[in-house]
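A.B. asks: this one's structure only:
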């Protein structure tokens, strides 16, 4: 596994990868413990604590059916103008569709954390992930809080990144560093998510969960705007199974001395790179996946339309199966693009699968089908998260809009994982 | 297999099932032959001929990427005010994304049919289904036309229904009869479709292909309006894999003496029942499916919104996998409804799985999970197309809008079928 080397290839200068995940930035502490919420006996309770004065930007699921924890987080961030200090995460139960008890449990949990950290309850957020409709066993959660708080440390990023996982096969974390105007700035992040992945988040709106820490101070409103743009280009551009979750949440903390405004552009580049790394890691670890699919759409009227086409192609069951079978059945790509609801001229389309050009000016080109299939197989067999990407490029016109989306192949293993999740 | 008995249960009086498929109605002739377009050596060329004076209503895919045959059919029906006599179908090649050659091939094929039937080329339509991006081997198609035309008969419905299939496991045809004002009226239909099924058709707009014949005359505009409403409640309410095809087409012929307008309501009921039977048959025969899923949504603002929620639930990969595993993981149903983009109050939701009530007033209810799972297994194991339906009922409020959608479970077999379709 080469998570960091893969990221290094993708992050823009002056940023470089460092160790430490969410606790790489100055002043952030984290912990993860096994409270016993999961039948598997794996870690299931995580806590991230930001330094005093931190601001927090949130993005939450746009689903009409939102988990109690999402209601609580969105409400608290809105009420406090983006000020929060800590986020508790329990994995095992999503606390969605749990009625009034669900909200009461979220309140109780955050109050218990606040008390132990000497914070106001409103400064504490909570994320839940797991089975929908099952209440959190609160006695188990509450009993886990003392060891959790005792375990908070500046090297706890890794433990926290483990404790937020559900069906994930690997943890997803990253940290980067740059010198901006002579000052060391770090951004860290962690995420979870493998199934029910098609985030459509809006501010103050997966089950993907994403967390970001940054030790450069940015005013709350500006930070939220930067985070919102980064979410559009990362989490909102991935799909595993098209199912938007009731619990999708991304929280991003900014703390520390204010950053000189002239470096905000560089900071946003770093922020976007971290969010994209985590988003791609979620897509690559999609349930049953054997490779990452990256679809780049160019020549569209605007970026949003291009991203919509790209994510529609990534989400097509038929495209996903074709990639799984290393089958260059490109007609399915065009069919998916055609139903995306974005206007383009099919007669002007160019289509590429890696180095193979499959269409020009809307007409199919002859290509070596066997070589293309071998190319797909070679790419997919390569190192984790790094080269195991099947790249598709679709040019739909000559206009300036472009966008990228990420997905994964659809395997029989996906069906096995999801055919008996609760029984 | 009990196709007809299953339909009898669903069709409204005074209609009763009869044999004969599309050739059951007076004056309709059909044929199906093996021309050699398919590697499998199965029948691949079908022709349906309506009596003189027939009108034809069409519904075609709303995809931006439309096959040459769709362009031709939509154009001809529009230009001639819904007048057509015959429809040729080739299976094996979709003739989509085939550039200028595709349109030329469609023209050539229909001209060749018209010549043999002594019709104007504009009176002949063409439907193609199969692999996208592969041109039709025209020499093979043209060589098949003489035996095809020679085979036209008033009992040819069955042969035609076989020849339009691709990955379908069973043919899909039905016919019904009623006495309307003392006059015998018959409606026949056939369809194909198993994958790339998420029809979103609009008039003059699967790859599902559907054909309907009726021996009662209805004026063209009125017929098109009736057919459009029937399509909304049938083909546009099914999904197999969420992938809207480049080729989806439904053509419905009405011929014979004009029907007394007082019976138009009864005729539309029959028309809708035939369209729904064919649509359900497509969903049940979805690639890799082991059962039908029927989702009924009630209490919505309007019928269209209810259908949107119902089809979103049917299309959820996670719901489909849960049904495949006979797993009553109902939280996924709520999650899918929540992302449908239709406003409702999650706090008012009632949810039923067959006889098991799972939620009331937005709160989960205790239920016998083992019994519910057994119920799903029992339903799914029953006779083909008849009782093998897992019924889900979601009440989202107290308003009058309601709708039904149909889908199927997602199995490992679906992945196997689609992972190597072209290679």
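C.D. replies: Arrived safely. All figures in this text were calculated on a predicted structure; none of them were measured in a lab. Numbering: from 1, shown residues only, chains lettered A, B, ... in the order given.
A.B. asks: separation between residue A:183 and chain B?
C.D. replies: 42 Å (C-beta to the nearest C-beta, to the nearest Å). Glycine gets a C-beta too; all of them are placed from N, C-alpha and C.
A.B. asks: Next up, the contacts around that residue.
C.D. replies: By C-beta atoms under 8 Å, 6 or more residues apart in numbering or on different chains, the contact list for residue A:183 reads A:216, A:259.
A.B. asks: count of residues packed around whatever residue of the stretch 101-250 of chain A ends up closest to chain B?
C.D. replies: When distances are taken as C-beta to the nearest C-beta, the stretch 101-250 of chain A reaches nearest to chain B at residue A:132, 2.4 Å away. For residue A:132, the neighbour count with other C-beta atoms under 10 Å in any protein chain shown is 29.
A.B. asks: same deal with residue A:253?
C.D. replies: Using other C-beta under 10 Å: residue A:253 sits among 27 other residues.
A.B. asks: so how far is residue A:114 from it?
C.D. replies: 16 Å (C-beta to C-beta, to the nearest Å).
A.B. asks: same thing with residue A:99?
C.D. replies: For residue A:99, the distance to residue A:114 - C-beta to C-beta - is 24 Å.
A.B. asks: which ones are touching the most centrally placed residue in chain A?
C.D. replies: By C-alpha atoms, centre = their mean, chain A has its centre lying nearest to residue A:279, at 3.7 Å. By C-beta under 8 Å, 6+ apart, the contact set of residue A:279 is A:191, A:210, A:234-235, A:237-238, A:406.
A.B. asks: any chance you could read off phi and psi for the residue located most distally from the centre of chain A?
C.D. replies: Centroid-distance maximum for chain A: residue A:366 at 37.8 Å, with C-alpha atoms, centre = their mean. Here is the backbone geometry of residue A:366 (degrees, to the nearest 10): phi -70, psi 140.
A.B. asks: Around chain B, pick out the residues from the stretch 101-250 of chain A.
C.D. replies: Contact residues (C-beta under 8 Å from any C-beta of the partner chain) of the stretch 101-250 of chain A with chain B: A:131-134, A:195-196, A:198, A:200, A:241-246.
A.B. asks: ok, now which ones touch the closest residue to residue A:80 other than its chain neighbours?
C.D. replies: Nearest non-adjacent residue to residue A:80, counting by C-beta to C-beta, 6 or more residues apart in numbering or on different chains: residue A:122, 5.9 Å away. Residues in contact with residue A:122 (C-beta under 8 Å, 6+ apart) are A:76, A:79-80, A:84.
A.B. asks: Roughly how far does the residue farthest from the centre of chain A sit from chain B?
C.D. replies: Separation of residue A:366 from chain B (C-beta to the nearest C-beta): 11 Å.
A.B. asks: Relative to residue B:133, how far out is that residue?
C.D. replies: Residue A:366 is 11 Å from residue B:133, where distance means C-beta to C-beta.
A.B. asks: first vs last residue of stretch A:31-38, how far apart are they?
C.D. replies: 17 Å (C-alpha to C-alpha, to the nearest Å).
A.B. asks: So what's the model's average confidence on it?
C.D. replies: Mean per-residue pLDDT for stretch A:31-38: 96.
A.B. asks: Check stretch A:64-77 too.
C.D. replies: Stretch A:64-77 comes out with an average pLDDT of 91.
A.B. asks: correct me, but residue A:257 touches residue A:217?
C.D. replies: Yes: if you go by C-beta atoms under 8 Å, residue A:257 and residue A:217 touch, sitting 5.5 Å apart.
A.B. asks: More neighbours: which of these two?
C.D. replies: Between residue A:257 and residue A:217, counted using other C-beta under 10 Å, residue A:217 has the larger neighbour count: 16 against 11.
A.B. asks: what is that one paired to in the beta sheet?
C.D. replies: Residue A:217 forms beta bridges with residue A:258, as assigned by DSSP bridges.
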